[in-house]
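Asker: below is the sequence, then the predicted model.
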Amino acid sequence: MADSEGKLGRFVDGLVENKVFNLLANWVLVPYWAWRYPTKKIEGGPRPSSQPGDNIQRMMNLVMRLKDTSPIGRAKAVRVLTQHADEIFSGVDNVATVHFARFDLIGDYICMLSVYDGDFSNYIRDFICTIGSFFDDIIALVEGGDGVRPTEEHVEEFIDWVHARDLFQAPDFATDLFALNDAARGVPPGKVHALRTLPRELILQLRVNPNLSLGGGYRAYPGVTSAQIRQKMGIGW
Amino acid sequence: MDAPPKIVEQLLRALELPDSDPNLRPVHAIGIGATGAFVASRIARDYCVAEHFSGEREIKVTVRFSNGSGSAVQRDGWSDVRGMATRFHLANEAATDLIAMTLSEFFAPTPEAFLDFLTVAKPEPARVLSPLRKFLDLLQLLQPMPNPYRGQTYSPVPGAIRYADENTGAQLAVMHAANIGAPVSYARATYHAVHAFAIRAPDGVRRWVRFSWRPVAGVLNTDPTKAPIDNYLKQDLCDRLARGPARFTLMMTVGEPGDDPNDSSRPWPLPRLRVVMGELSLKHVIEDEVTEKLSFNPWRLVEGIEPSNDPVLQTRRDAYCVSSQRRGGAPCPFSGSSTHGGQ
């Protein structure tokens, strides 16, 4: 514990954890700084990279809000998943670039979390071909999806729709957030920010982008494709 | 040895602290040594032909753990980068060193930039910001400045932050260093050898790699809200090794085209191939007199491992030699006569 000298100093040091101060900060300070430094939502999904390792085991965190969030509405989403289980497993097997994929119901949202190799657009195109009818049924239950059904007839629109709901992936190196926020704001690259403003940059991004994936995540076997694992393990492809 | 390059002299001068001791190392002044053994993993030999990765036998090692500061006053509980220098003792009295620290990147890409950093981050009187200043910082949603520890008379942190405010490349290291904390044990921290080295496989393939030691016991820091203890890390290691070995896994990250092997101020992206190269078991603490005579050098390499052109790594070769010479350590292998071995 460092020495904060004096009662007033200790009081100010404690404000970060003080509920009243945090309430006021959320009501007053955050909107004020958002007005001073307008911040746009950073788009979701992995960022473009020409390096092979960055294009392997990419993460998709698709978060879709249900139209009907009642237990009955959520049960309908579960039923769609159950009814399409064979279609999903068969489709993902044949896409062949997927390490894992799963669906979670979290509060009012249905989430598809997956790890895949290669290009995002092609990944979604493959899904439309292999499990398009499942997506048509699940999208009917979520907000904002009516314009992209049937997916087979709205391929590009559906790719954009998924991209818009794929979580922003916070950078693995925290200070990279400066450049990402600047790019979203349209600020030319190269602007140097004061280091201690990093918490403010994060708060402003979280204000416009409540859900995010924290970094690229841990990988037990980075740099290896799904096909390589199957081939090396002697289980196909 | 020949006269060291001017930059080495300048760096060593810039690293001097008000409470440095010329008989100790200019940084990582306080430390403790231990001995043990390294066993290469079954696949290490597929990646590197170096003797300690061959897996043919257990390799004896000597390790020196250290606090990062060049201060001669022991402050184990203060937030600081820690070091882990490892010597692998090979056949025919040859040896190779792997020097690592708890920071995952260096402060600057070149010795000249590091000198600029040290000049701006020169220790200045430690002071508590006024409550008004702290409050104004909170209103701006800024990262609070750390309060100095009780008894802390100087601090490099304000200067380091000023430097990072002007130099984007230093921001990651300064941010990590400012928040790094104090480990509960030297055996409970991850240590990164931040420089890249080229390794050669038996099939002739050459790869750029970076190494790091991962503690098998897990990473754990002290509680920063509690008063720091000045002297506990040496005793912890003695007690820990009396109970059983402290183990570390040696992980190797393989770089890709586009990952700069010559810039240690920038970590490589996390999704890079990682290979388990072996396990280190430390068993016995050794006498301080022995440890402090040791002269590690990141250039003490063996067949199968080559240095990069990282200019910081180049300068460290000479800086370690000067450090050794000044404090009366074991002769530096790059001062003329020998190329391997010795301590």
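Answerer: Thanks, I have it.

Asker: and residue 52, what does it touch?
Answerer: Assuming you mean chain A. Residues near A:Pro52 by CB atoms under 8 Å, 6 or more residues apart in numbering or on different chains: A:Gly223, B:Glu256. All C-beta atoms are positioned from the backbone trio N, CA, C, and that covers glycine.

Asker: um, chain B though
Answerer: Applying CB under 8 Å, 6+ apart, the residues contacting B:His52 are B:Phe38, B:Ala40, B:Ile59, B:Phe88, B:Leu90, B:Thr96, B:Gly278, B:Val302.

Asker: and if you look at A:Phe135?
Answerer: A:Phe127, A:Ile128, A:Thr151, A:Phe158.

Asker: select the longest strand from chain B.
Answerer: strand B:274-286 (DSSP state E).

Asker: which strands and helices sit next to that one?
Answerer: Packing partners of strand B:274-286 (3 or more CB pairs under 8 Å, 6 or more residues apart in numbering or on different chains; DSSP states H and E): strand B:31-40, helix B:44-47, strand B:59-67, helix B:233-243, strand B:246-254.

Asker: out of those, which comes closest to chain A?
Answerer: Distance to chain A, taken as CB to the nearest CB, is lowest for strand B:246-254 among these, at 7.1 Å.

Asker: on that earlier part again, so which of the helices and strands packed on strand B:274-286 is the most surrounded?
Answerer: strand B:59-67 (a mean of 23; mean count of other CB atoms under 10 Å in any protein chain shown).

Asker: what ranges do the helices span in the chain?
Answerer: Answering for chain A, as no chain was given. A:7-14, A:19-24, A:30-36, A:71-83, A:85-95, A:120-139, A:155-165, A:177-185, A:198-208, A:226-233 (DSSP state H).

Asker: was after chain B, sorry
Answerer: B:6-15, B:44-47, B:111-120, B:131-139, B:157-166, B:168-178, B:233-243, B:288-293, B:311-327.

Asker: picking that back up, any chance of the helices and strands packed on strand B:274-286 in TSV, with mean pLDDT and distance to chain A too?
Answerer: Shown next, in TSV, are the helices and strands packed on strand B:274-286 (pLDDT from 0 to 100; distance: least, CB to the nearest CB, whole Å):
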stretch	mean pLDDT	distance to chain A
strand B:31-40	98	20
helix B:44-47	98	13
strand B:59-67	97	17
helix B:233-243	97	18
strand B:246-254	98	7
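
Asker: who's in contact with stretch A:218-234?
Answerer: Under CB under 8 Å, 6+ apart, the answer for stretch A:218-234 is A:52-53, A:56-57, A:96-99, A:116-117, A:236-237, B:254, B:256, B:270-274.

Asker: same list (the helices of chain A) but as JSON lines, adding mean pLDDT.
Answerer: Supplementary listing: the helices of chain A in JSON lines, determined by pLDDT from 0 to 100:
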{"stretch": "helix A:7-14", "mean pLDDT": "92"}
{"stretch": "helix A:19-24", "mean pLDDT": "96"}
{"stretch": "helix A:30-36", "mean pLDDT": "98"}
{"stretch": "helix A:71-83", "mean pLDDT": "95"}
{"stretch": "helix A:85-95", "mean pLDDT": "91"}
{"stretch": "helix A:120-139", "mean pLDDT": "92"}
{"stretch": "helix A:155-165", "mean pLDDT": "94"}
{"stretch": "helix A:177-185", "mean pLDDT": "96"}
{"stretch": "helix A:198-208", "mean pLDDT": "97"}
{"stretch": "helix A:226-233", "mean pLDDT": "92"}
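
Asker: which of the ones you listed sits closest to B:Gln325?
Answerer: helix A:198-208 (41.4 Å; CB to CB).

Asker: so which bits of the stretch 101-250 of chain B are right by chain A?
Answerer: Contact residues (CB under 8 Å from any CB of the partner chain) of the stretch 101-250 of chain B with chain A: B:128, B:130-131, B:134-135, B:137-150, B:152, B:161, B:164-168, B:171-172, B:174-175, B:224-228.

Asker: give me the most central residue, chain A.
Answerer: A:Leu167 (1.5 Å; CA atoms, centre = their mean).

Asker: what sits closest to B:Thr315 if chain neighbours are left out?
Answerer: B:Pro111 (4.2 Å; CB to CB, 6 or more residues apart in numbering or on different chains).

Asker: before we move on, what about B:Leu142?
Answerer: A:Arg196 (4.4 Å).

Asker: can you report how many residues lie near that neighbour?
Answerer: 19 (other CB atoms under 10 Å in any protein chain shown).

Asker: tell me the pLDDT at the residue located most distally from the centre of chain B?
Answerer: The C-alpha centroid of chain B is most remote from B:Leu132, which lies 37.7 Å away (CA atoms, centre = their mean). Listed pLDDT for B:Leu132 reads 96.

Asker: I'd like to know how far A:Ile72 sits from A:Asp137.
Answerer: Using CB to CB, to the nearest Å, A:Ile72 is found at 16 Å from A:Asp137.

Asker: neighbour count: these two, which is higher?
Answerer: Under the criterion of other CB under 10 Å, the comparison of A:Ile72 against A:Asp137 puts A:Asp137 first, with 18 against 8.

Asker: state the distance from the nearest residue to the more buried one once chain neighbours are set aside to chain B.
Answerer: Using CB to CB, 6+ apart and skipping the chain neighbours, the partner closest in space to A:Asp137 is A:Val80 (4.8 Å). A:Val80 sits 33 Å away from chain B, going by CB to the nearest CB, to the nearest Å.

Asker: list the contacts of A:Val80.
Answerer: A:Phe134, A:Asp137, A:Ile138, A:Leu141.

Asker: looking at these, spot the one nearest B:Phe53.
Answerer: Among the contacts of A:Val80, and counting by CB to CB, the member closest to B:Phe53 is A:Phe134, at 48.6 Å.

Asker: low pLDDT regions in chain B?
Answerer: B:1-3, B:336-343 (pLDDT under 70).

Asker: residues contacting the residue positioned nearest the centre of it?
Answerer: Centroid-nearest residue in chain B: B:Met101, 2.7 Å away (criterion: CA atoms, centre = their mean). Contacts for B:Met101 (CB under 8 Å, 6+ apart) come out as B:Gly68, B:Val81, B:Arg82, B:Gly83, B:Met84, B:Tyr191, B:His192, B:Val194.

Asker: could you dump those residues to JSON lines with neighbour count?
Answerer: Listed next are these as JSON lines, based on neighbours: other CB atoms under 10 Å in any protein chain shown:
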{"residue": "B:Gly68", "neighbour count": "20"}
{"residue": "B:Val81", "neighbour count": "19"}
{"residue": "B:Arg82", "neighbour count": "23"}
{"residue": "B:Gly83", "neighbour count": "23"}
{"residue": "B:Met84", "neighbour count": "27"}
{"residue": "B:Tyr191", "neighbour count": "27"}
{"residue": "B:His192", "neighbour count": "22"}
{"residue": "B:Val194", "neighbour count": "25"}
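
Asker: among those residues, name the ones in strands.
Answerer: Per DSSP E, the contacts of B:Met101 map to strands at B:Arg82, B:Gly83, B:Met84, B:Tyr191, B:His192, B:Val194.
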